[in-house]
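>>> Give the three-dimensional model of this entry:
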Amino acid sequence: QVQLVESGGGLVQAGGSLRLSCAASGRSYSRSFMGWFRQTPGKEREFVAVISWNEGSTSYADSVRGRFTISRDNAKNTVYLQMDSLKPEDTAVYYCAAGSRRFSTVQAVHYWGQGTQVTVSS
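Alright, predicted model coming up:
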């Protein structure tokens with residue numbers, strides 16, 4: 001089993017920044033890749049970013065590339081999502097995700113965090 005605990009959401013003005021954290025525990029193989037999705041009411045959960053624990057290689061959704069940065073601290077078993085130049089359309093519940101293979105779809109994720117709200121005001 002893998003447990004994911006998120007923190008760092010909140011309210012910020014457009015153009016501002018927030019950093020989300022996701023602390024992971026459990027079987028390391030099952031969380032070889034970790035990342036973030038987001039979801040707004042009435043819409044499907046969408047991919048944001050993913051990182052490999054071992055290599056540190058990353059992938060991003062086009063909508064956030066250049067504004068968001070995903071990183072990891074292996075010693076702390078924690079993944080971060082630094083969000084800069086935030087826009088009102090970034091408002092969503094952000095979910096930490098983990099899996100044994102690189103993912104960009106909900107179906108490929110094995111474990112989910114509880115979600116943290118990010119609200120960007122205009």
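
>>> Only C-alpha atoms from now on, for both contacts and neighbour counts.
Noted.

>>> separation between the closest residue to residue 40 other than its chain neighbours and residue 102?
Computed as CA to CA, 6 or more residues apart in numbering, the closest residue to residue 40 that is not its neighbour in sequence is residue 92, at 4.9 Å. Distance of residue 92 to residue 102, computed by CA to CA, to the nearest Å: 23 Å.

>>> and what of residue 53?
The gap separating residue 53 from residue 102 is 10 Å, by CA to CA.

>>> overlap in contacts of these two?
Jointly contacting residue 53 and residue 102 under the rule CA atoms under 8 Å, 6 or more residues apart in numbering are residue 33.

>>> ok, the most centrally placed residue in the chain - contacts?
Geometric centre of the chain, nearest residue: residue 36, 2.2 Å, by CA atoms, centre = their mean. Taking CA under 8 Å, 6+ apart as the contact definition, residue 36 lies against 47-50, 81, 94-97.

>>> What of residue 85?
14-17, 67.

>>> quick check, the residue nearest to the centre of the chain in a strand?
Yes. Using DSSP: H, G, I helix; E, B strand; the rest coil, the assignment for residue 36 is a strand.

>>> Do you know the pLDDT at the residue nearest to it when sequence neighbours are not counted?
Of all residues not flanking residue 36 in the chain, residue 96 sits nearest, at 4.7 Å (CA to CA, 6+ apart). According to the prediction, residue 96 has pLDDT 97.

>>> Could you dump the contacts of residue 36 into JSON lines with neighbour count added?
What follows is these, written out as JSON lines (neighbours: other CA atoms under 10 Å):
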{"residue": "47", "neighbour count": "23"}
{"residue": "48", "neighbour count": "24"}
{"residue": "49", "neighbour count": "26"}
{"residue": "50", "neighbour count": "28"}
{"residue": "81", "neighbour count": "23"}
{"residue": "94", "neighbour count": "27"}
{"residue": "95", "neighbour count": "25"}
{"residue": "96", "neighbour count": "31"}
{"residue": "97", "neighbour count": "28"}
